[in-house]
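Need the 3D shape of this:
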Amino acid sequence: MLTVVVRRVLSLVPVLFVISVVTFVLMTAVPGSPFSTEDKPLPPQIQANLEAYYDLDRPLFEQYLTYMGNVLRGDLGPSYMQRNRSVNDIIAAHLPVSAVLGVLGLAVAVLVGLPMGIVSALRPNTWIDHLAMFFAVAGVSVPAMTLGPLLIWFFALELGWLPVARWGTWQQAVLPAITLGIGHAAVIARLTRASMLQVVHEDFIRTARAKGLPESRVVVKHALRNALIPVVTILGPLFAALVTGSLVVEQIFAVPGLGRYFVDSVSGRDYPVIMGTTLLFATVLVVANLVVDITYAVIDPRIGIGGDA
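Numbering: from 1, shown residues only. Now for the predicted structure:
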């Protein structure tokens, strides 16, 4: 097991290398300058001086090698839009906020979606099933930009139970976490239901029931354990997407997370922030997928790391 894990970790290096090359080439291929826009053009001499200061006047190959050399030393470079801050400072200040919000949103998704899918699958075509799937469809259909203001209006403005926005207390985290997680809970519920319905009709489930095992043990140990594999598959990318920042939810609730900086960096051509946040997301994603592969082997020992039997 340890050898396979080490081999998989080493295989992540070329993946991150390819991602860094593609991202670097694409962002520099976009027309325009990080320092000048059509609305606010800079004098040519000042723009040339800025490009020389940040080594943007050098060939792309040299720029990439210099940047990656700095990355290997832990330096993600300065921000072009916020001259007094480095990318390391931006990530260090705002990633923890996005990570906490993402973990809370993921917890909402799992704690709501998984039981909903299980109950719905165990009572198919009943009012419980129809009600659960109604909420699942509603959760998928209503986007966060609509759900967030509705929750603010009802729980903050009408009832006065929770704060409208901002970040810092557990009360301020409730509405953003629900907004972020409820749509994903609907997806998990539908996937759990479909997977459970397929598993409960397998021969080994009928055999377990024929042996006289308690229904709770049949469901938890046999049915749910096998039905979790498709659910675990989506949790890796979902975890990476949530913990690295959600622009919509962070904007609605004024959460000082990392999502806004990534979007602003693209529109402002802030190359170091684009590269830093992209490499961060890619690293979290590939590590999360590795954890998912390891979880496969824990859930079902017949499945090896990477899905090999």
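
Return the distance of residue 89 relative to residue 276.
With distances taken as CB to CB, to the nearest Å, residue 89 is found 11 Å from residue 276. The C-beta positions use only the backbone N, C-alpha and C, and glycine is treated the same way.

for residue 223, same thing?
Separation of residue 223 from residue 276 (CB to CB): 44 Å.

residues in contact with the helix or strand of the chain with the lowest mean pLDDT?
Taking mean pLDDT, DSSP states H and E as the measure, the helices and strands of the chain show their lowest mean at helix 215-217, namely a mean of 78. Contact partners of helix 215-217, identified using CB atoms under 8 Å, 6 or more residues apart in numbering, comprise 208, 209.

I'd like the next helix or strand past that helix.
Toward the C-terminus, helix 215-217 is succeeded by helix 225-243 as the next helix or strand (DSSP states H and E).

Packing partners of the next helix or strand after that next one?
Per DSSP H and E, the first helix or strand lying C-terminal to helix 225-243 is helix 247-252. Judged by 3 or more CB pairs under 8 Å, 6 or more residues apart in numbering; DSSP states H and E, the packing partners of helix 247-252 are helix 87-122, helix 144-151, helix 170-199, helix 259-267.

Would you reformat those as a markdown table and include distance to residue 30?
Shown next, in a markdown table, are the helices and strands packed on helix 247-252 (distance: least, CB to CB, whole Å):
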| stretch | distance to residue 30 |
| --- | --- |
| helix 87-122 | 19 |
| helix 144-151 | 26 |
| helix 170-199 | 30 |
| helix 259-267 | 9 |
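
Would you mind telling me which of those helices is nearest residue 68?
Go through the helices and strands packed on helix 247-252 one by one with CB to CB and the one that ends up closest to residue 68 is helix 87-122, at 13.7 Å.

so how far is that closest one from its chain's centroid?
The gap between where helix 87-122 is centred and where its chain is centred comes out at 8 Å by CA atoms, centre = their mean, to the nearest Å.

Show me which parts of it are buried, residue by residue.
Judged by neighbour count using 16 or more other CB atoms under 10 Å, the buried positions of helix 87-122 are 87-88, 90-91, 94-95, 97-102, 104-106, 108-110, 112-114, 116-122.

buried ones in stretch 172-187?
By neighbour count on 16+ other CB under 10 Å, the buried set for stretch 172-187 is 172-187.

returning to what we had before: may I see the helices and strands packed on helix 247-252 arranged in JSON lines, with distance to residue 11 and mean pLDDT as well?
Putting those into JSON lines (distance: least, CB to CB, whole Å; pLDDT from 0 to 100) gives the following:
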{"stretch": "helix 87-122", "distance to residue 11": "25", "mean pLDDT": "92"}
{"stretch": "helix 144-151", "distance to residue 11": "34", "mean pLDDT": "92"}
{"stretch": "helix 170-199", "distance to residue 11": "28", "mean pLDDT": "91"}
{"stretch": "helix 259-267", "distance to residue 11": "26", "mean pLDDT": "84"}
